[in-house]
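*Asks:* Sharing a sequence plus its predicted fold:
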Amino acid sequence: MFIHCELVVLILALTLDGQASAVYGGHEAVAHSRPYMVLLERHMQNGETSYCDGFLLTEDFVMTAAHCQAKSFTALLGVHNVRNSNGIQRIYVKDTFPHKDYSATELINDIMILKLSSKANFSNNVRPIALADRGDGSLPKSCSVSGWGRNDRNSKYMSLKLMEVSVTLTDNELCRGKKIYCSEGEAGPGRLWWSVSL
Ligand SMILES: *[C@@H]1O[C@H](CO)[C@@H](O)[C@H](O)[C@H]1NC(C)=O
């Protein structure tokens, strides 16, 4: 599978300090303008709950980062404000497929597919992402990143509302070698992470 940035939005599914992901220098997204965004409730081995982001590929598959692995997950669909449970679909994840060559130390192939235990009901607020074709991978490219992660480096807490930020993906040898997309500067995800190929 190839994911490019034309239609696709790079999703932020970072766990920094085991807490939440991060979108720095962004702004609140228009509510439900990204109906493919999934908030993943991670049930951890130690009984704690934390969060990651993902996006809906089909009615029963979600893509996220491999470093989000947990004991179990519940996928929350149709979320904008985390505190508002109106119209949210909660679906248990029944199977996880981390990339077989994911390396936590090298941070490569940080990608994972989740199979939901039942199908999502599509609506205005719940819809799969449009994936671009292969063949438009030329950089630099303008892209946007979204997520519920921290939006301030000094904050320990995730954002209650979906945030987004524009970034420019840059070409550099290191990132190319690791098959990840990179952006430069202060804005954007808390860390580089996206794998291009599965
Ligand atoms: C989808 O709709 C059906 C029929 O209304 C309902 O039974 C089911 O619980 C819904 N699924 C979710 C995930 O909300």
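*Replies:* Looks like it came in fine. Residues are numbered from 1 along each chain as shown.

*Asks:* going forward, measure contacts and count neighbours with C-alpha atoms only.
*Replies:* Fine.

*Asks:* On the strand side of things, show who the single nearest residue of the chain relative to the ligand bridges to.
*Replies:* For the chain, the residue closest to the ligand is residue 89, as judged by Cα to the nearest ligand atom, at 4.4 Å. For residue 89, the beta-bridge partners under DSSP bridges are residue 77.

*Asks:* Burial check on it, number of neighbours?
*Replies:* 17 (other Cα atoms under 10 Å).

*Asks:* Surely it touches residue 59?
*Replies:* No: using Cα atoms under 8 Å, residue 89 is not in contact with residue 59; the gap is 11.8 Å.

*Asks:* Tell me the residues that contact both of those two, please.
*Replies:* residue 120 (Cα atoms under 8 Å, 6 or more residues apart in numbering).

*Asks:* Residue numbers of this structure in contact with the ligand?
*Replies:* Taking Cα under 6 Å from any ligand atom as the criterion, the chain approaches the ligand at residues 89-91, 120-121.

*Asks:* Among the residues you listed, name the buried ones.
*Replies:* Among the residues of the chain next to the ligand, those scoring as buried are 89-91, 120 (criterion: 16 or more other Cα atoms under 10 Å).

*Asks:* Most widely separated two among those residues?
*Replies:* Within those, 90 and 120 form the most distant pair, 8.9 Å apart (Cα to Cα).

*Asks:* coming back round to it: and of the buried ones among the residues of the chain next to the ligand, the nearest to residue 140?
*Replies:* residue 120 (34.9 Å).

*Asks:* wait, what's in contact with residue 94?
*Replies:* Residue 94 sits in contact with 114-117, where contact means Cα under 8 Å, 6+ apart.

*Asks:* Present the buried ones among the residues of the chain next to the ligand as TSV; the columns should include pLDDT and distance to residue 55.
*Replies:* Converted to TSV, these look like this (pLDDT from 0 to 100; distance: Cα to Cα, whole Å):
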residue	pLDDT	distance to residue 55
89	98	14
90	98	14
91	98	13
120	98	12
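
*Asks:* of all those, which comes closest to residue 162?
*Replies:* residue 89 (16.4 Å).

*Asks:* dump the residue contacts of that closest one.
*Replies:* 75-78, 120.

*Asks:* So residue 175 belongs to a helix, correct?
*Replies:* Yes: counting by DSSP: H, G, I helix; E, B strand; the rest coil, residue 175 is part of a helix.
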